[in-house]
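>>> I would like to see how this sequence folds:
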Amino acid sequence: MNANEVIADRALEILGHPRGRYEVIHPLDHVHLDHSTNDVYSTAVRLALVTSLRRLGDSPGALATAFAGKAEEFGDVLKMGRTQLQEAVPMTLGQEFTTYAVMIEEDRQRLTEAAALLLESNLGRTAIGTFVQLSGVLTRVAVRLAKACDDLRLTSSGPTAGLGEINLPPVQAGSSIMPGKVNR
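Prediction:
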């Protein structure tokens, strides 16, 4: 019911009427007309998800651009390639960052596609429909970002017994029980 009231009030605002003028647009008589509560709930959740994805904005695009910039900057820096932590064919750090840029751009596109599908409403039809695709895309984004972070953390590990192939700038002091530790 609350979603119906919000929708009615927003429609009133768009039409130039003050909120609460339910004789013009009524939450039950106009918004809820012939819809099940399950339909309205599902649509309200979809709208909330679309709003949340819009707040994300172009953050993924900015991250992809940053990775692409680093790819260009590190285009000639050789490093060891690895497959499951085993040494493989050498590659450049630029190639690795290009991969991150492409990965993030692909994920940005998947998020855009998932958001567009959320705009399809099942009001007045049935109470079916899930958010499985968006959940899958968000899981994909999270796993791939975590992998990129793990790769960078591993290649910057050290200074004595780690790989130490790259040097990430320090961002904060580390631990009170490990003097000299710096989080990167």
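
>>> pull the longest helix from the protein.
helix 93-118 (DSSP state H).

>>> Now it: buried residues?
Using 16 or more other C-beta atoms under 10 Å as the test for burial, helix 93-118 gives 93-98, 100-101, 103-105, 107-108, 110-111, 114-115, 118. C-beta: built from backbone N, CA, C; applies to glycine.

>>> roughly how far is that helix from the heart of the chain?
Mean-position distance between helix 93-118 and its chain equals 10 Å (C-alpha atoms, centre = their mean, to the nearest Å).

>>> which strands and helices sit next to that helix?
helix 37-56, helix 59-73, strand 78-79, helix 132-155 (3 or more C-beta pairs under 8 Å, 6 or more residues apart in numbering; DSSP states H and E).

>>> shouldn't residue 68 be in contact with residue 97?
Yes. Here residue 68 reaches residue 97: they are 7.4 Å apart, a contact under C-beta atoms under 8 Å.

>>> Pretty sure residue 103 sits against residue 146.
No. Proximity of residue 103 to residue 146 does not meet the contact threshold set by C-beta under 8 Å, at 11.8 Å.

>>> looking at the chain, which helix or strand is least sure?
Confidence across the helices and strands of the chain bottoms out at strand 182-183, with a mean of 66, counting by mean pLDDT, DSSP states H and E.

>>> Tell me which residues are up against stretch 77-92.
Residues outside stretch 77-92 that contact it (C-beta atoms under 8 Å, 6 or more residues apart in numbering) are 74, 75, 76, 93, 94, 96, 154, 155, 165, 166.

>>> The third one - that's part of a helix, no?
No. Assignment of residue 76 by DSSP: H, G, I helix; E, B strand; the rest coil gives coil, placing it outside any helix.

>>> Phi and psi next, for it.
When quoted as degrees, to the nearest 10, the phi and psi of residue 76 stand at phi -110, psi 10.

>>> Skipping adjacent residues, who's closest to it in space?
Leaving aside its chain neighbours, residue 76 sits nearest to residue 92 (6.4 Å; criterion: C-beta to C-beta, 6 or more residues apart in numbering).

>>> Count the neighbours of the one you found for me.
16 (other C-beta atoms under 10 Å).
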